[in-house]
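Student: Prediction below, plus the sequence it came from.
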Amino acid sequence: MFQDFFTPSVQHGLDVAGIFVFAISGALLAVRKNFDVFGIAVLATVTSVGGGLFRDLVIGAVPPAAFTDLAYFVTPLVAATLVYFLHPEVTRINRAVSTFDAAGLGLFCVTGTVKAYEYGLGLTASATLGLATAVGGGVLRDVLANEVPSLLRWDRDLYAVPAMVGAGMVALCLRYDALNPLTSGLAVITAFSLRMLAMHFHWRAPRAWNRRSATPDEA
Amino acid sequence: MFQDFFTPSVQHGLDVAGIFVFAISGALLAVRKNFDVFGIAVLATVTSVGGGLFRDLVIGAVPPAAFTDLAYFVTPLVAATLVYFLHPEVTRINRAVSTFDAAGLGLFCVTGTVKAYEYGLGLTASATLGLATAVGGGVLRDVLANEVPSLLRWDRDLYAVPAMVGAGMVALCLRYDALNPLTSGLAVITAFSLRMLAMHFHWRAPRAWNRRSATPDEA
Amino acid sequence: MFQDFFTPSVQHGLDVAGIFVFAISGALLAVRKNFDVFGIAVLATVTSVGGGLFRDLVIGAVPPAAFTDLAYFVTPLVAATLVYFLHPEVTRINRAVSTFDAAGLGLFCVTGTVKAYEYGLGLTASATLGLATAVGGGVLRDVLANEVPSLLRWDRDLYAVPAMVGAGMVALCLRYDALNPLTSGLAVITAFSLRMLAMHFHWRAPRAWNRRSATPDEA
């Protein structure tokens, strides 16, 4: 369905771009955690292809795209190599990385939702898998690095909500047969912009209702 | 096979009840870990559908039930919402939650074993997957919360054994063609009761033989 | 393809040997982490069959071999029982365990690559899955034990590289139609020997370029 609107090469290029920027974020965390060069490569790979791998296993698209497309394999290694040699500069351009990461989030929530729908899932399930595609790699990255996933922490800027909005927009378009380059692009841009705004204004989600007064023993 | 004994709506209702109580336990841990509202929803979902998702991927039942049945999707969110607004009360009724959690454990070890057997696995493999269905969500919950899974810790009351006994009873019934509402119900009740007794009397499993004397450097 | 060279019983025996030694390493970590007897059994099982389970899910070989072959199920439990009763002695023979673990690493990287290739994956993807088969169980073991995977840490002797070399040799043999008992055996022995040498001489992989000077705030 998606292929009718985007040419495969455009779709593929966007996917690879998303993988690249997510791989950068994984590699940077590996440097911060003092991992060796192989740890950097592993974390870059897991972060960038983990979400799509989970989606493909759930929808039964085996072997997953990550194992059938050489570009999906090489891209994380290129990103890891760049970070390995240039990490101080990369850290300095942290803002640029966050921008690309937000772009990857926007793209993956859209392509993930469409791919799940193409495999016959319902609209709600497709949007949920689109969300999982967008945030799954980051969760795996944090679990392997032995940290609480930043997706779950209250003291991080909104991350899931922009992806939810983007995936929800795609699901609505699919429902009303209105998915086209314009609406898909709009969904990508909306998710991307929401994430950028959340970082700029430090939008955060609330913790449990009345939490402070209810739990004085908070650590 | 199971459908011959329980009507689908009964089976479905029991599944949803199990999902609900497991979701409560995940949401409560999220509140304790100070996660935000999305972290609460994610942990509730992962805890309640994680075990069944793993089972479905292993037996090749894709897309997994968690993504094809809207009730499986909505139930964890309802539980998360309840905990979000009412968590002090929920914590206070911790005993009730533990009771429901034990019921979920008993139910999932039985339904997980039967579903795996229906997909052609052997008796031992089916019972093992039934056990994995019952305890898998809790393990994922603890991994995401960056804690040692309580399933593995020696200082927690028996959790795996009740599920093992329940799954083993079902496997025996399948072996001797004796699975019927009475025997399945008996398996659920046995697993449930063993878990309740384990909590009441603080039954614990032994650590490695002669551990204390052998490892003076214990942390 | 592999079956043409090794008889199924030889192949099976080697697989079980690999599972046994990996299970020993998982059980020993469980003892060190003070887990109870079920934690020991769970960690032994996850460590020994986790890598192959991931491979089988990715290539669509469901139900995975770990759930269809009783020997794969019993072997980790035997290893866990041995460690449970004999762990001081097992710790003392740590060197022997490391030797067997290296043998398992060499074996799994070869059999994993071949199995993935038999299921139609490309050469690069097959070698990658062979590597994942060899190291995956250990990563799962460390994640469940709430530790940073030793695969990723710079202060551990080389582990991934020997498996990479072994898997790469198999891929080259497959490419040039030169896979036979001699070349497969050579790949196993090369991976095994490299791992033994890495432990003996404490070969380690470098951390990110210029790391020390670049990040004075290193913890």
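Tutor: In hand now; what should we look at? Residues are numbered from 1 along each chain as shown, chains lettered A, B, ... in the order given.

Student: Run through the residues that contact the most centrally placed residue in chain A.
Tutor: With distances taken as C-alpha atoms, centre = their mean, A:A134 lies nearest the centre of chain A, 3.1 Å away. Going by C-beta atoms under 8 Å, 6 or more residues apart in numbering or on different chains, A:A134 touches A:51, A:104-105, A:108-109, A:112, A:163, A:166-167, A:191. The way it works is simple: take the backbone N, C-alpha and C, and place the C-beta from them, glycine included.

Student: low-scoring stretches of chain A, by residue?
Tutor: A:1-11, A:89-97, A:209-219 (pLDDT under 70).

Student: Name the residues of it found near chain B, please.
Tutor: A:57-60, A:119-122, A:124-125, A:128-129, A:139, A:143, A:146-149, A:151-154, A:160-161, A:204-211, A:214-215, A:218-219 (C-beta under 8 Å from any C-beta of the partner chain).

Student: Can you select the buried ones from those in ChimeraX?
Tutor: Under the burial definition 16 or more other C-beta atoms under 10 Å in any protein chain shown, those of those that qualify are selected in ChimeraX by:
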select /A:57,58,59,60,119,121,122,125,128,129,139,143,148,149,151,152,153,154,160,161,205,207,208,211,215
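
Student: Show the overlap between the residues of chain A next to chain B and what lies near chain C.
Tutor: A:57, A:143, A:146.

Student: Give me the subset of these lying in helices.
Tutor: If you go by DSSP state H, those have A:57, A:143 in helices.

Student: Helix, strand, or coil at A:G120?
Tutor: Per DSSP: H, G, I helix; E, B strand; the rest coil, the secondary structure class of A:G120 is coil.

Student: returning to what we had before: nearest to chain C, of the ones next to chain C among the residues of chain A next to chain B?
Tutor: Closest approach to chain C among these (C-beta to the nearest C-beta): A:N146, at 4.6 Å.

Student: coming back round to it: the residue nearest to the centre of chain A should be in a helix, yeah?
Tutor: Yes - counting by three-state DSSP, A:A134 is found in a helix.

Student: What separation do you get for it and B:A61?
Tutor: 25 Å (C-beta to C-beta, to the nearest Å).

Student: do the same with A:H87
Tutor: Distance, A:H87 to B:A61, using C-beta to C-beta: 43 Å.

Student: Of those two, which one has the most company?
Tutor: A:H87 (23 against 19; other C-beta atoms under 10 Å in any protein chain shown).

Student: ok, now which ones touch the residue nearest to A:A61 when sequence neighbours are not counted?
Tutor: Take A:A61 and drop its neighbours on the chain: the residue closest to it by C-beta to C-beta, 6 or more residues apart in numbering or on different chains is A:Y119, 6.4 Å away. Listed by C-beta under 8 Å, 6+ apart, the contact set of A:Y119 reads A:59-61, B:63.

Student: What distance do you get for A:Y119 to A:C173?
Tutor: In this view, A:Y119 and A:C173 are 17 Å apart by C-beta to C-beta.

Student: A:G104 too?
Tutor: Counting by C-beta to C-beta, the separation of A:G104 from A:C173 is 21 Å.

Student: Between these two, tell me which one has more neighbours.
Tutor: Ranked by neighbour count (other C-beta under 10 Å), A:G104 and A:C173 place A:G104 first, with 28 against 20.

Student: dump the residue contacts of the more buried one.
Tutor: Counting by C-beta under 8 Å, 6+ apart, A:G104 touches A:17-19, A:21-22, A:134.

Student: Could you list which of the residues you listed belong to helices?
Tutor: Counting by DSSP H, the contacts of A:G104 contribute A:17-19, A:21-22, A:134 to helices.

Student: Just the buried ones from those?
Tutor: Here, 16+ other C-beta under 10 Å leaves A:18-19, A:21-22, A:134 buried among the ones in helices among the contacts of A:G104.

Student: Could I get the full set of helices for chain A?
Tutor: A:8-32, A:37-59, A:65-68, A:70-92, A:94-118, A:123-144, A:160-175, A:181-201, A:211-214.

Student: Next, count neighbours for A:D155.
Tutor: Neighbour tally, A:D155, other C-beta under 10 Å: 10.

Student: now the one 3 residues further on
Tutor: Number of residues near A:L158 (other C-beta under 10 Å) recorded here: 20.

Student: check contacts around the closest residue in space to it that isn't next to it in sequence.
Tutor: Leaving aside its sequence neighbours, A:L158 sits nearest to A:A198 (C-beta to C-beta, 6+ apart; 3.9 Å). By C-beta under 8 Å, 6+ apart, the contact set of A:A198 is A:157-159, A:161-162.

Student: can you rerun that using 7 Å?
Tutor: For A:A198, the contact set (C-beta atoms under 7 Å, 6 or more residues apart in numbering or on different chains) comprises A:157-158, A:162.

Student: repeat for A:G18
Tutor: Contacts of A:G18 (C-beta under 7 Å, 6+ apart): A:104, A:107-108.

Student: so which of these comes closest to chain B?
Tutor: For the contacts of A:G18, the residue nearest chain B by C-beta to the nearest C-beta is A:F108; the value is 16.8 Å.

Student: give me every residue that touches that closest one.
Tutor: A:F108 makes contact with A:18, A:51, A:133-134, according to C-beta under 7 Å, 6+ apart.

Student: Kindly report the same for A:R175.
Tutor: Applying C-beta under 7 Å, 6+ apart, the residues contacting A:R175 are A:L123.

Student: shouldn't A:L158 be in contact with A:A205?
Tutor: Yes - taking C-beta atoms under 7 Å as the definition, A:L158 is a contact partner of A:A205 at 6.1 Å.

Student: ok, the ones in helices among the contacts of A:G104 vs B:T183, which is closest?
Tutor: Checking the ones in helices among the contacts of A:G104 against B:T183 with C-beta to C-beta, the nearest one is A:A134 at 45.2 Å.

Student: Next, find the distance separating the nearest residue to A:E147 once chain neighbours are set aside from C:A167.
Tutor: Leaving aside its sequence neighbours, A:E147 sits nearest to B:N146 (C-beta to C-beta, 6+ apart; 6.7 Å). Using C-beta to C-beta, B:N146 is found at 31 Å from C:A167.

Student: Can you pull the residues of chain A lying near chain C?
Tutor: Residues of chain A lying close to chain C (C-beta under 7 Å from any C-beta of the partner chain) are A:31, A:34-40, A:42-43, A:57, A:62-64, A:67-68, A:70, A:73, A:84-85, A:87-88, A:143-146.

Student: Just the buried residues from these, in PyMOL please.
Tutor: PyMOL command restricting the residues of chain A next to chain C to the buried ones, with burial defined by 16+ other C-beta under 10 Å:
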select buried, chain A and resi 31+34+35+36+37+38+39+40+42+43+57+62+63+64+67+68+73+84+87+88+143+144+145
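
Student: burial count for A:W203?
Tutor: For A:W203, the tally of surrounding residues (other C-beta under 10 Å) stands at 14.

Student: what sits against it?
Tutor: Shown in contact with A:W203 (C-beta under 7 Å, 6+ apart): A:157-158, A:197.

Student: Give the single residue among those positioned nearest to chain B.
Tutor: Chain B lies nearest to A:L158 out of the contacts of A:W203, by C-beta to the nearest C-beta, at 8.2 Å.
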